[in-house]
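# Predicted structure and sequence below. I'll ask about it afterward.
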Amino acid sequence: VLFDVLEHIDDPVAFLESIGFHLKPGGCLMINVPAIPWLYSKYDKLAGHVQRYTPSSLKRQLNAAGFEVEKIKPWGMSMIPLLLIRKCILYFCPDRQTIKVGIQPASPLMSRILDSMRRWECSLFSSVPVGSSLMVMAKKRS
């Protein structure tokens with residue numbers, strides 16, 4: 001399981017190959033990564049993110065590392081407008097405050113709104129066409 005790891009790796013194919021070394025053929029790998037490259041922001045950079053992914057870029061890297069992608073599911077569609085706003089706000093924010101400002105809701109009310117948006121998306125959609133993150137299930141090739 002790699003949740004919010006791969007986006008920090010400079011050479012993801014080599015990293016995935018090393019994971020594959022420790023899996024039996026047919027072994028499963030579950031990955032979650034940030035999606036939509038145009039949402040890459042100052043927050044991503046200062047958090048150590050090398051990239052954001054598209055379904056095709058992630059599939060290409062997994063295939064190159066010896067994995068067969070079984071399913072790619074975007075999630076977090078409701079977060080896309082907020083991440084775009086965050087990107088714009090953080091452009092003017094000093095580096096030393098970027099992580100704090102970029103991840104914490106501004107108030108308890110905003111926190112409740114974000115939680116409601118998450119619940120709304122989960123209850124209305126079994127799958128979304130695009131999301132701020134990608135969840136992937138892959139298997140090591142034989």
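Here it is on my side, so go on.
# residue nearest the centroid of the protein?
Nearest to the centroid of the C-alpha atoms of the chain, with distances taken as Cα atoms, centre = their mean, sits residue 34, at 1.8 Å.
# what about that one, which SS state?
strand (DSSP: H, G, I helix; E, B strand; the rest coil).
# Report the rounded mean pLDDT for the top helix by length along the chain.
Across the chain, the longest stretch assigned as helix under DSSP state H is helix 108-124. Average pLDDT, helix 108-124: 78.
# Quick one: name whatever helix or strand follows that helix.
strand 133-140 (DSSP states H and E).
# re earlier: now the longest helix of the chain: how far from the chain's centre is it?
In terms of Cα atoms, centre = their mean, to the nearest Å, the centre of helix 108-124 is set 19 Å apart from its chain centre.
# Tell me which residues touch residue 67, please.
If you count contacts by Cβ atoms under 8 Å, 6 or more residues apart in numbering, residue 67 has them with 16, 20, 29, 138-141. (C-beta placed from N, C-alpha, C; glycine too.)
# pLDDT wise, what is it at?
98.
# Partner strands of the helix or strand containing residue 68 and their direction?
In this structure, residue 68 is located in strand 67-75 according to DSSP H and E. Applying DSSP bridges to the sheet, strand 67-75 is found paired with strand 133-140 (antiparallel).
# Show the low-confidence segments of this protein, by residue range.
Scanning the chain for pLDDT under 70 picks out 100-106.
# ok, for residue 1, nearest residue in space, not its chain neighbours?
Leaving aside its chain neighbours, residue 1 sits nearest to residue 30 (5.0 Å; criterion: Cβ to Cβ, 6 or more residues apart in numbering).
# hang on, I meant residue 73
Take residue 73 and drop its neighbours on the chain: the residue closest to it by Cβ to Cβ, 6+ apart is residue 135, 4.8 Å away.
# before we move on, the earlier item: so the residue nearest to residue 1 versus residue 137, what's the distance?
Distance of residue 30 to residue 137, given as Cβ to Cβ, to the nearest Å: 6 Å.
# distance between whichever strand or helix holds residue 14 and the chain's centre?
In this structure, residue 14 is located in helix 12-21 according to DSSP H and E. How far helix 12-21 lies from its chain's middle: 18 Å, per Cα atoms, centre = their mean.
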